[in-house]
Each structure stands twice: as C-alpha cells, then as structure tokens.
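Engineer: Mind folding the following:
(6 chains)
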4 protein chains.
Amino acid sequence: MNTRKHNTKKKDKKQLIYETALRLFAENGSSDTPIAQVAKLAGISVGTIYLYFSSKQDLINKLYLKVRKDFSDFIFKNFNKKLPTKEAFRQIWLNMASYWIENPRESFFLAQCDATQIVEKDLEKEGLETLRPLLDIWTNGQEQGIIKRVSLHMIYAFSIPPIHHILRASKAKKCSFEEEDLELVFQLVWDSIKE
Amino acid sequence: MNTRKHNTKKKDKKQLIYETALRLFAENGSSDTPIAQVAKLAGISVGTIYLYFSSKQDLINKLYLKVRKDFSDFIFKNFNKKLPTKEAFRQIWLNMASYWIENPRESFFLAQCDATQIVEKDLEKEGLETLRPLLDIWTNGQEQGIIKRVSLHMIYAFSIPPIHHILRASKAKKCSFEEEDLELVFQLVWDSIKE
Amino acid sequence: MNTRKHNTKKKDKKQLIYETALRLFAENGSSDTPIAQVAKLAGISVGTIYLYFSSKQDLINKLYLKVRKDFSDFIFKNFNKKLPTKEAFRQIWLNMASYWIENPRESFFLAQCDATQIVEKDLEKEGLETLRPLLDIWTNGQEQGIIKRVSLHMIYAFSIPPIHHILRASKAKKCSFEEEDLELVFQLVWDSIKE
Amino acid sequence: MNTRKHNTKKKDKKQLIYETALRLFAENGSSDTPIAQVAKLAGISVGTIYLYFSSKQDLINKLYLKVRKDFSDFIFKNFNKKLPTKEAFRQIWLNMASYWIENPRESFFLAQCDATQIVEKDLEKEGLETLRPLLDIWTNGQEQGIIKRVSLHMIYAFSIPPIHHILRASKAKKCSFEEEDLELVFQLVWDSIKE
DNA sequence: TATGAATGAGATTTCATTCAT
DNA sequence: TATGAATGAAATCTCATTCAT
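Structural biologist: Numbers count the residues shown, from 1 in each chain, chains lettered A, B, ... in the order given. The predicted structure follows:
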C-alpha cells in the first residue's frame, strides 16, 4: 500500500469537493445548491461527499474556514516587516485586491457568508484577528502619527469594503474596472485613513 | 362596505406580511425562512400570503423593491438643492446612516440581497440610478473641482460600504459604535473623495 | 365553519394513519416499514403524515401509547368490583385474551415494542401501572390467602405471557388454538398462582 | 503457512463478527445496526464481514441459528435420561434460566427475532423441535399422569415465557430478581402444568 | 377575502454492498 | 484474505403551492 499515493488521492477528492462546492455556492448561494448538484458536477456520488463531510453545514463551515485561511496565507506571503508603514500596507492591500481579482468565487462566497447567517456563528468570532500583521502595521502607523487615531475597525472599513465592493460590482458587470485602476483606489484608501 | 376602510385593511395585511417577512428574512435569510413561518408569525394563514403575492420569489422581489424605495424616500426627504456640495452630501450621508441605525432589518436584508443572487437579476439592474440626486451632487462637486474626478462607482464605494460595514459589525457585536462617531466617519469619507 | 365536521375529518385522517401504520408495523416491523409505504397504503401523501406526526418515531411512540390505552380501556370496561377475586380476575383475563384474538395486529405490535428498543424508553416506564385494577385484585387475593404471596411481577408473568405466546404462535400457524380452549388455559394460569 | 493456525484464525474472525453483531443487535436491534458499526466495533473492515457472510440478512440468519444451537447445547448438556420426570424437567428448566441470566444478549436477540419478522421464515419453522428431549420428558409425564394432558405448546407456554419475561423485566430494571428466586418460579411452573 | 389541510417534488442523509488494491 | 473508499438506491423529512370550504 503506497501511503503517499493514498493520501494524495484522498486529498484530491476532498479538494475536488471543495472546488465544486465553492463554484456552485458562489454562483447560486449555498442554500440554493443541493448536495446532489455538487456531486453531479464533481462527477462523484452523493454518498462520497458524506464520506468527507458529516453534513452539508459541515461542508459549508469547512469551506469557509479553508477559504479564509487561503486568503490569509495569500495576502501575507512574502511579507517584509522592514518596509515602511505605508508601503507595507500598500503591498498587503494589493495582495488582497489581487486575490479577489484572481479568485472571484472565493470573494463571492466569503461575502455571502459574512452577509448572511450561513456559517455557524462560532466560526467567525475571531473577527479581525486573522489579519493580525495588518493590524500591527496600522497600529504602528498610528503611533508614528501617519494614520488617524481611530478604531481599527474603522480603518478596516475604509481599507477593504470599498475595493471589495468595486470588484464585485465589476464582476457583476455593473461597472468597469481595470487592474491599472488599483493604484488609484489605493490613493483614496490612503487619503481616508492618513493623518 | 366602505371602500376606504377596505383599502386600508388590504394595505394593512400586505404591510403586515412585509414586516413579518422582513424580520424573518433578516434574521435567518430568505432561503431558510419557510412561507409557513411568515404566516404563523404574522398570525395569518399561508393561503392569505398567496392572495397578495404570486410566489415566495414574488414576495422577496417586492419586499426588496419596497425597502429600496423606503430607503431612497428616507434619505432624500427634505432635500435642499441649494445647499453647497459638501453640506448636501453630508446631509444625505447622515440620512443613510440614520436609516441603517434605525432600520437594521432593512439593512441586513438589503445586504443579503446584494451579496447573493436572491433577488431576480432584472430588479437590481438599475444600479446606482435610485440614488440620482446624490450622483448629481457628486458630479457637481467634480465639476467644481471639490471631488476627485474618478468614476461615480468609486465615489460610491468609499461613501457607503464603509459605514454600512461598521454598522453591521456593530450590530453583530463585533465592534462598538455610537451615534456620535458618525461625524468622524464622515470625515474619513470626505478625506477619501475630496480633491 | 362546522367545527364538528372539521374535527371529525381531522380525527379520521389521524385514525387512518394509525390503522395503516399498525397494520404494516405489525406485519413487517416498524423499522422495515418506510413512511412512504404507510402513506401509499393509506391513500394519502407522505407530507400528510408529517402534518399529524412530527417524525416517524413520534408516530411509533403515539401509536404505542394509543394501543396500550385501547387495550387498557377494553379489558377494564364493564368491570364489576364486587365480584369475588377469582371471578374478577377471570373476567379481566378473558377480556385480555379476547382483545388479542380480535386484535392480532395490536398484539403483534405491542410484543415488538416490548421485545425491542423501538419505543422511546420514557414511554414504557409506567410498567405495570396501567393495569392497576388488576394489580388490586391480585393484592386482594393475596390478602385473602387465595393467591400466592409472591411479587406481582411474578403473578403477571404467569397470567399474561403464556396466553400471549399461545395466541401469537397460533396466528403464526405454529399451533392450533380455538376460542373454547381459553377456559383450559385459564385453569393453568389459576393453578400456577393460586395458594 | 500452518493450516491449523489458519483455520483457527478464520474461526476467530467469524466468531468475532458473531459476538460483535450480537452485542449491537441486542442493544439496538438489527435493523438499527449498520454493518459498518459492527465492523468498526469489531476492529475489522466492512469488506471482511462480506467475506464470511453473503449479506446482512445472512449474518442475522446464521447468528440466529447459532444462538439457538448454543442454547440447545447448553440446556441439554449432561442431560441424564434416567432422572424422574419432574427432576429431569427441573434440571433442564434451570439450565434455561441460567443461560438467560448469563447470556442476556442472546436472550434479547432471540426475543427480538421471535417477536419480529427479522429472521427469514423458513429458519424458525422447526418450531419446538429443537427442544425434542424436553418434549419427550413432557410426553412421558403426561403418560405417567403427572402432567396435564394438554397440547405441548401449552406446556411450553407456561414453562418458558414466564421466566423469560421476568428475567427481561429484571434486566430492564423494571423489577428485581435474584437467582435464589428461581426455585420459587419453578414451583409456579410446576403448579400450572402438573396434573 | 381568508383559511389551512393536503400535496408531492425535491432536499438531506443513510447504508448495504461492491471492487480495486 | 483483508481493506475501506466509493456507490446509489432508498429512507426521512421539508416546504412552496393549491384548493375546497
């Protein structure tokens, strides 16, 4: 028995379910996506999904945590602590935007989970904590007198929701948005929070 | 029978359904709210709901349009066209914030509709158009050189999503927010979009 | 709205479900009887069953209690307290036997519930209490020195299980049994418990 | 490979499945015990069970026959044909009671099979035949004028169901029963069937 | 208008059985 | 022999919608 092969296979199947579910959940909402549809699109049987997840809710919860983790890992990868505050923020902010541009499904799904009560409450209680390095940058900036001394939630509210909104509107063809506009958006972000 | 009384009654029942549905949809999501639950909480029978709405989707759609209209009516009431740009924007913006603070259910429901595909697509295609007077203010501001010459979607993205986010986080007990903080938030909004 | 008619209808439907379920449960066991089969045989839809019972287990529990109550009501009807001990016991005992002869489905179903863990535990905790008048007769007999002074559970064990067994074996064609044999069986019962 | 060892292993595995299945079937009923649960508790894989039994029903059938055989073997072991009728019956009867006291799982399982249609009909058609030596004792007793000349089914009904009932009620904590009460119970059995 | 019992398609979940390894 | 992931038919239960009253 080849353990590596075995594990790979297992991961592949779970990964396949994650990907298929994410696609359908993002497009139609998790409440309007039957498990049978996920199975069909994934080319596996319903029972197989219940082999990896104990219930539909379990799949939603785990997918949510996984996407949040993927997102965190992505935006902080290659993070250089020595950069000056604004530049450090700029890099992470651009990483976030890139993630959403390149992963619209993840973006839609997270937005849905946050707007509704789909995900079981305990899972999201961590709040901003998953963004700890970014919070530290902001705090530093405040201590240096570069960033306004307002609550971090407020800094967050002007840093992330606006670009998130723009990209979702763009995807929904409600407005056009090109990648080169990112710098411009960051300019507005910075104007809002800078001292 | 007195026609006026009759009409009043009719309106009352429809209104009752709207209010009950809004409450449940906001709390649990429309997909997870059976029509029977709406009827029960409203103290009427399921059949009655189908007298006023042709389907559950129809109720959702009409509720969505109604809330959007209530919202528009509220934020533009007593609107004084002669005020200077910043002050005009400030008044409308404070109206929006007040609406969300006083009507958290409406706020949650609209956020859900926008984050998911609950509402039939055609209904929202109007996009920003319902905010026409506000768009005009922004355009004026741009012509006067007071507001940055960026797309109105971008102005919108920095004007509304941040405060919307803050208020929802506050309702969900993730951060504290007092009404007197509104002026501060508006400061950040203005800093972001002003020339 | 005719309340009586209304109630009658409602009762009829619930009664219909009870009867159909009892028939199938007795024949095939409740675990091997899908709700859909009950619905089909009753000529109603699955949903209707869930209108009257919250779950399959609820139907089983309520059917169990109902049959137990029907049984109790039947065996103690027209009960004459003034009869001498042996005669009083004889009448009730013959009533029991008659009930099982005339209601083999009820008999099978109760036997199943008692032999398995089908019915939720709390429901049967009453134990012998539903047979209170019979217990009183036995106690009287013991005080008069007519019946052996052993635990009532033991008296019960020689009074009911034997005839129950015989009738079930007879129904299953494992032995022949005619109604006129009842007096003979009662003779053995009495021989076992009499002082 | 050593054939004996091999066979031993084989037997052990089959025996392991029997024991595990019996335990779960007795506790939860065979219909409510998934094969996977048997496998898990036995520490083997589902596939292995299907190596030894062609289906779940096959396992139930064979377990039933095995338990019946174990029971027969146990109650007739060391049986001395020369004992007088009452004493011979008494010994076998005490063996039965001992078996049920020491093997409550077997007792529960057999009771379940007899009360429901779990076991395929043909298997139990033998009826009382497995108790042949006991039947012979009873017949002898009848010929000697010691035992009432009633059908053997009736003799059986007063010999076994009462003690079976008492022991099951005792296990279910519905009444207390000590091993020294057995002699008393046998007294009632004998009183019922003796001429 | 108003009712709410009834429907039945469809959703979630379970589980006996198979089969590639 | 032994495994256990995979299957998919079937079970339980839900709920939007209808219709007789």
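Engineer: can we go C-alpha only for contacts and neighbour counts from here?
Structural biologist: OK.
Engineer: Report the closest residue of chain A relative to chain B.
Structural biologist: residue A:192 (4.1 Å; Cα to the nearest Cα).
Engineer: And the strand or helix carrying that residue, what's buried?
Structural biologist: Assigned by DSSP states H and E, residue A:192 belongs to helix A:182-193. Across helix A:182-193, burial judged by 16 or more other Cα atoms under 10 Å in any protein chain shown covers A:185, A:186, A:188, A:189, A:190, A:191, A:192, A:193.
Engineer: How about stretch A:167-183?
Structural biologist: For stretch A:167-183, by 16+ other Cα under 10 Å, it's A:167, A:168, A:169, A:170, A:174, A:175, A:177.
Engineer: among the residues you listed, which one has the lowest pLDDT?
Structural biologist: Within these, residue A:174 has the lowest pLDDT, namely 74.
Engineer: Pretty sure residue A:147 sits against residue A:195.
Structural biologist: Yes. Taking Cα atoms under 8 Å as the definition, residue A:147 is a contact partner of residue A:195 at 4.8 Å.
Engineer: Between those two, point out the one with more neighbours.
Structural biologist: More crowded of residue A:147 and residue A:195, by other Cα atoms under 10 Å in any protein chain shown: residue A:147, with 22 against 15.
Engineer: can you tell me which residues contact that one?
Structural biologist: Neighbouring residues of residue A:147 by Cα atoms under 8 Å, 6 or more residues apart in numbering or on different chains: A:138, A:141, A:193, A:194, A:195.
Engineer: What distance do you get for the third one to residue D:111?
Structural biologist: Summarising the geometry, the distance separating residue A:193 from residue D:111, computed by Cα to Cα, to the nearest Å, is 77 Å.
Engineer: Around DNA strand F, which positions in chain A sit nearby?
Structural biologist: For chain A, the residues in contact with DNA strand F (Cα under 7 Å from any atom of the strand) are A:9, A:10, A:13, A:43, A:44, A:45, A:46, A:47, A:48, A:51.
Engineer: Model confidence for the first one, exactly?
Structural biologist: In this model, residue A:9 is scored at 55, pLDDT.
Engineer: What of the fourth one?
Structural biologist: According to the predicted model, the pLDDT of residue A:43 comes to 97.
Engineer: burial measure for it, as a count.
Structural biologist: 12.
Engineer: need the contact list for it.
Structural biologist: Going by Cα under 8 Å, 6+ apart, the list of residues near residue A:43 is empty.
Engineer: Could you pull up phi and psi at it?
Structural biologist: Backbone torsions for residue A:43, taken as degrees, to the nearest 10, come to phi 70, psi 20.
Engineer: quick one: pLDDT of the closest residue to chain C within chain A?
Structural biologist: Closest residue of chain A to chain C, Cα to the nearest Cα: residue A:55 (19.7 Å). Model confidence at residue A:55, given as pLDDT, is 97.
Engineer: Contacts only, for it.
Structural biologist: Applying Cα under 8 Å, 6+ apart, we find residue A:55 in contact with no residue.
Engineer: how close does it get to residue A:34?
Structural biologist: Applying Cα to Cα, the value for residue A:55 to residue A:34 is 12 Å.
Engineer: so which residue of chain A comes closest to DNA strand E?
Structural biologist: residue A:34 (3.2 Å; Cα to the nearest atom of the strand).
Engineer: ok, back up a step: most widely separated two among the contacts of residue A:147?
Structural biologist: With Cα to Cα as the measure, no two of those lie farther apart than A:138 and A:195, at 11.8 Å.
Engineer: low pLDDT regions in chain A?
Structural biologist: Across chain A, residues meeting the criterion (pLDDT under 70) sit at A:1-11, A:121-127.
Engineer: Next to chain B, which bits of it? Give me the list.
Structural biologist: A:27-29, A:31-32, A:108, A:111-112, A:115-117, A:125, A:127, A:153-154, A:157-158, A:161-163, A:165-166, A:174-175, A:185, A:188-193 (Cα under 8 Å from any Cα of the partner chain).
Engineer: Got a PyMOL select line for the buried ones in those residues?
Structural biologist: Command for PyMOL that selects the buried part of the residues of chain A next to chain B, burial taken from 16+ other Cα under 10 Å:
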select buried, chain A and resi 27+29+108+111+112+115+116+153+154+157+158+161+162+163+165+166+174+175+185+188+189+190+191+192+193
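Engineer: Could you dump the residues of chain A next to DNA strand F into JSON lines with secondary structure added?
Structural biologist: Below are the residues of chain A next to DNA strand F laid out as JSON lines (DSSP: H, G, I helix; E, B strand; the rest coil):
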{"residue": "A:9", "secondary structure": "helix"}
{"residue": "A:10", "secondary structure": "helix"}
{"residue": "A:13", "secondary structure": "helix"}
{"residue": "A:43", "secondary structure": "coil"}
{"residue": "A:44", "secondary structure": "coil"}
{"residue": "A:45", "secondary structure": "coil"}
{"residue": "A:46", "secondary structure": "helix"}
{"residue": "A:47", "secondary structure": "helix"}
{"residue": "A:48", "secondary structure": "helix"}
{"residue": "A:51", "secondary structure": "helix"}
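Engineer: Apply the buried test to these and list what passes.
Structural biologist: Buried members of these, counted by 16+ other Cα under 10 Å: residue A:13.
Engineer: Among the residues of chain A next to DNA strand F, which one lies nearest to residue A:91?
Structural biologist: Of all the residues of chain A next to DNA strand F, residue A:13 has the smallest distance to residue A:91: 34.3 Å, by Cα to Cα.
Engineer: got a list of what that closest one touches?
Structural biologist: Contacts of residue A:13 by Cα under 8 Å, 6+ apart: none found.
Engineer: rerun at 10 Å
Structural biologist: A:7, A:19, A:42, A:44, A:48, A:49, A:52 (Cα atoms under 10 Å, 6 or more residues apart in numbering or on different chains).
Engineer: If any of those are buried, put those into a PyMOL selection.
Structural biologist: To isolate in PyMOL the members of those that are buried, counting by 16+ other Cα under 10 Å, one can use:
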select buried, chain A and resi 19+42+49
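Engineer: Would you mind trimming the contacts of residue A:13 to those in range of DNA strand E?
Structural biologist: residue A:48.
Engineer: Tabulate the contacts of residue A:13 in a markdown table, adding columns for secondary structure.
Structural biologist: Formatted as a markdown table, these follow (three-state DSSP):
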| residue | secondary structure |
| --- | --- |
| A:7 | helix |
| A:19 | helix |
| A:42 | helix |
| A:44 | coil |
| A:48 | helix |
| A:49 | helix |
| A:52 | helix |
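Engineer: Grab the two from the contacts of residue A:13 that are most spread out in space.
Structural biologist: A:7 and A:42 (19.1 Å).
Engineer: Which one of the contacts of residue A:147 is nearest to chain D?
Structural biologist: Nearest to chain D out of the contacts of residue A:147 is residue A:138 (Cα to the nearest Cα; 52.8 Å).
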